[in-house]
Each structure stands twice: as C-alpha cells, then as structure tokens.
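Participant: Take a look and give me a structure for this.
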Amino acid sequence: MTPTTIGLVAGTLTSIAAIPQLIKTLQTRHVRDISIWQPLLLSFGVALWMIYGILISDLPLILANITPLICNAVLTGMKIRYGRDDI
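Facilitator: The predicted structure follows:
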C-alpha cells in the first residue's frame with residue numbers, strides 16, 4: 001500500500017468512527033453510558049486538525065476532519081440534552 005492509500009483509508013475510518021454511536025444515540029436517546037469527555041475532546045482535537053489543515057492549505061486534512069467534527073459535536077450536544085433525562 002502506498003502512503004496515499006494508507007492516508008485515505010485512515011482518514012475514512014476516523015471520519016466515520018463516530019457515526020454508529022451517533023445513530024444509536026439518536027435512536028435510543030440514551031446517553032448515560034457515554035462520557036461527556038470523549039466526544040468533547042475529540043471535537044476539539046479534530047477542530048484543531050482542521051484548522052491546521054486550513055493553515056497549511058491541505059484539503060484532504062480539512063475534509064477528513066469535517067465529518068468527525070460534526071458527529072462528535074452533535075454527540076456532545078446530545079449528551080448535554082439527553083443527559084438530564086437519564087438522571
């Protein structure tokens with residue numbers, strides 16, 4: 001495998017990693033077992049990677065961080081919103 005292929009596979013996997021949890025949480029509205037810190041820290045981390053990609057004009061880096069940023073930000077919001085119902 002070439003470095004480009006490895007990068008594309010890695011970017012794809014990390015981009016879609018949060019989608020199953022997001023879908024399950026949307027379906028069940030149950031967030032008791034989700035730590036607020038995991039999606040929150042990932043949101044900040046991928047936002048910084050995206051900013052870095054913008055600063056160095058690296059389109060693949062920018063694009064690879066849009067989906068996980070959205071998914072983890074939404075998951076964080078659902079944890080805050082639905083977390084009150086789990087108490």
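Participant: drop to CA atoms for contacts and neighbour counts, all remaining ones
Facilitator: OK.
Participant: Low-confidence stretches in the chain?
Facilitator: Across the chain, the ranges flagged by pLDDT under 70 are 85-87.
Participant: all strands for it, in order.
Facilitator: Using DSSP state E, no strands are found in the chain.
Participant: and the gap between the residue nearest to the spatial centre of the chain and residue 50?
Facilitator: Ranked by distance to the mean C-alpha position of the chain (C-alpha atoms, centre = their mean), the top residue is residue 68 at 2.7 Å. Using C-alpha to C-alpha, to the nearest Å, residue 68 is found at 10 Å from residue 50.
Participant: so where do the helices sit in this protein?
Facilitator: For the chain, the helices defined by DSSP state H cover 3-16, 19-28, 37-55, 59-83.
Participant: so what's the residue nearest to the centre of the chain closest to, chain neighbours aside?
Facilitator: Nearest non-adjacent residue to residue 68, counting by C-alpha to C-alpha, 6 or more residues apart in numbering: residue 15, 5.0 Å away.
Participant: give me the number of residues near the one you found?
Facilitator: 20 (other C-alpha atoms under 10 Å).
Participant: what sits against it?
Facilitator: 64-68 (C-alpha atoms under 8 Å, 6 or more residues apart in numbering).
Participant: Closest one to residue 55 out of these, please.
Facilitator: Set against residue 55, the nearest of the contacts of residue 15 by C-alpha to C-alpha is residue 65 (13.8 Å).
Participant: And for the closest one, the neighbour number?
Facilitator: By other C-alpha under 10 Å, 23 other residues sit near residue 65.
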